[in-house]
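Peer 1: structure for the following, please:
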Amino acid sequence: MGVPRFLLTDPRPSAPAAGGVDVDALVLQHLPLVGHCVGEVMSRVPRHVDRDDREGAGVEGLLQAARSWRPETGVPFSAHARTRVRGAIVDELRASDWASRGARSRARQAAQTTEQLTGALGRVPSDTEVADALGVAPAQVHRVRAETHRSYLTSLEETQGSEDGERAVHDSVRDPGLSPEEHVVLAEHLGRLRRAVDLLPARVREAVRGHYLDEEPMAVIAARLGVTDSRVSQLRAEGVALLRTVLAEQAAQEDAEQHASLSSEAPAAPPAPRCAALSPREAAYAASVAATADTRASLRTGAAVLSGALAPARHQAYGDGRQHRTALTG
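Peer 2: Predicted coordinates:
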């Protein structure tokens, strides 16, 4: 153990203790005692407890012991210091513990009872059996264990054993939300989808928007358009087909352009444009979507959709956007 910095920079003068004993000499001579006391305490605490903090508290206790020791009492300094060092370590441990002393006491009692029953029964006892032995309700045993589990902390850098060997805790923790990159991609996709829906022919747009975005019944859409329910279903299918075809065409062209820009060698022959395979109506619609393409505007629109700012008052039209994106574009 190295010499703590505060022992070298203590602003108080290095005055000898009563009886002419040098405080600094005592501390430096008995520093290994701190390591022994910390080792004893660490053997009985969870793995997540930080050793460095315990050593700092132990050194502080050693310094206090050196300043308060009186040789004329006849008590050896090692015995006097051990009591102070252990007390300082335990006090610091209790101060940093998330669980109360009562919760720790109840947890120890439950653990001792569980151990005794395991030896007597030859198996791990149930919570009901532990509760009966303690004379409490099973719910109390559940609360005691919950209190203990809530107070357990671990580092994301800590390694744990698995079938594949040792791995860090953070490798097994999954974030259910989107990553920043996925959020940007989804926002851009939703912005493009919103623009593409707005550019659909009027009656087709009403059918698609009413069904997928406003979540209106077929009868309501049909009454607004003055057609039958089956006609609304046809218009909706027509709009979905247009969206899928045009957005897939646009994505394919962007992929081809990106591949060409990243390629060090020019391709032997440029890929045939897929627009040639589109019908005149699809080609006209694709041209209108391409003419209004704006990545920044798509990101702004998509971000507003994800935040709910563009949700209609009747329903959260886009929600998080993923279910509508799947329904409309496949």
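
Peer 1: so who does residue 142 touch?
Peer 2: Under the criterion of CB atoms under 8 Å, 6 or more residues apart in numbering, the contact partners of residue 142 comprise residue 127. Every residue, glycine included, has its C-beta placed from N, CA and C.

Peer 1: for the top helix by length along the chain, what is the distance to the chain centroid?
Peer 2: Ordering each helix of the chain by length in residues (DSSP state H) puts helix 229-262 first. The offset between the C-alpha centroid of helix 229-262 and the centroid of the whole chain comes to 36 Å, using CA atoms, centre = their mean, to the nearest Å.

Peer 1: check stretch 251-263 too.
Peer 2: In terms of CA atoms, centre = their mean, the gap separating the centre of stretch 251-263 from the centre of its chain is 35 Å.

Peer 1: what comes up buried for it?
Peer 2: Buried residues in stretch 251-263, counting neighbours by 16 or more other CB atoms under 10 Å, are found at residue 253.

Peer 1: before we move on, back to that, and the longest helix of the chain, what does it pack against?
Peer 2: Judged by 3 or more CB pairs under 8 Å, 6 or more residues apart in numbering; DSSP states H and E, helix 229-262 is in contact with helix 180-198, helix 202-208, helix 218-225, helix 280-291, helix 322-329.

Peer 1: what is the orientation angle of it with helix 280-291?
Peer 2: 50 degrees (axes from the mean of the first three to the mean of the last three CA atoms, to 10 degrees).

Peer 1: quick one: mean pLDDT for helix 229-262?
Peer 2: Confidence over helix 229-262, taken as the mean pLDDT, stands at 84.

Peer 1: same check, this time on stretch 283-294
Peer 2: 85.

Peer 1: how far off centre is that stretch?
Peer 2: Per CA atoms, centre = their mean, the displacement of stretch 283-294 from the mean C-alpha position of its chain is 40 Å.

Peer 1: buried ones in whichever strand or helix holds residue 59?
Peer 2: The secondary structure element spanning residue 59 is helix 51-68 (assigned by DSSP states H and E). Taking 16+ other CB under 10 Å as the basis for neighbour counts, the residues of helix 51-68 that come out buried are 54-66.

Peer 1: list the buried residues of the helix or strand following that helix.
Peer 2: Once the chain leaves helix 51-68, the next helix or strand it forms, by DSSP H and E, is helix 77-96. Applying a neighbour-count criterion of 16+ other CB under 10 Å, the buried positions in helix 77-96 are 77, 80, 81, 82, 84, 85, 86, 87, 88, 89, 92, 93.

Peer 1: list the residues that contact the first one.
Peer 2: With contacts defined as CB under 8 Å, 6+ apart, residue 77 is in contact with 26, 30, 65, 66, 69, 71.

Peer 1: ok, which pair from those is furthest apart?
Peer 2: Comparing every pair within the contacts of residue 77 by CB to CB identifies 30 and 71 as the most remote, at 14.3 Å.

Peer 1: and the two? Which one has more around it.
Peer 2: residue 30 (17 against 14; other CB atoms under 10 Å).

Peer 1: that one is in contact with residue 81, isn't it?
Peer 2: Yes: counting by CB atoms under 8 Å, residue 81 is a contact partner of residue 30 at 5.6 Å.

Peer 1: joint contacts of the two?
Peer 2: Taking CB under 8 Å, 6+ apart as the contact definition, residue 30 and residue 81 share the neighbouring residues 62, 66.

Peer 1: in JSON lines: the buried residues of helix 77-96, plus distance to residue 112 and pLDDT.
Peer 2: Conversion of those to JSON lines gives the following (distance: CB to CB, whole Å; pLDDT from 0 to 100):
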{"residue": "77", "distance to residue 112": "36", "pLDDT": "89"}
{"residue": "80", "distance to residue 112": "33", "pLDDT": "89"}
{"residue": "81", "distance to residue 112": "32", "pLDDT": "90"}
{"residue": "82", "distance to residue 112": "27", "pLDDT": "91"}
{"residue": "84", "distance to residue 112": "30", "pLDDT": "91"}
{"residue": "85", "distance to residue 112": "28", "pLDDT": "92"}
{"residue": "86", "distance to residue 112": "23", "pLDDT": "90"}
{"residue": "87", "distance to residue 112": "25", "pLDDT": "90"}
{"residue": "88", "distance to residue 112": "27", "pLDDT": "89"}
{"residue": "89", "distance to residue 112": "23", "pLDDT": "88"}
{"residue": "92", "distance to residue 112": "26", "pLDDT": "83"}
{"residue": "93", "distance to residue 112": "20", "pLDDT": "78"}
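
Peer 1: now those residues as CSV including distance to residue 191?
Peer 2: Formatted as CSV, the entries for the buried residues of helix 77-96 read as follows, by distance: CB to CB, whole Å:
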residue, distance to residue 191
77, 74
80, 73
81, 69
82, 69
84, 66
85, 64
86, 64
87, 64
88, 60
89, 58
92, 54
93, 54
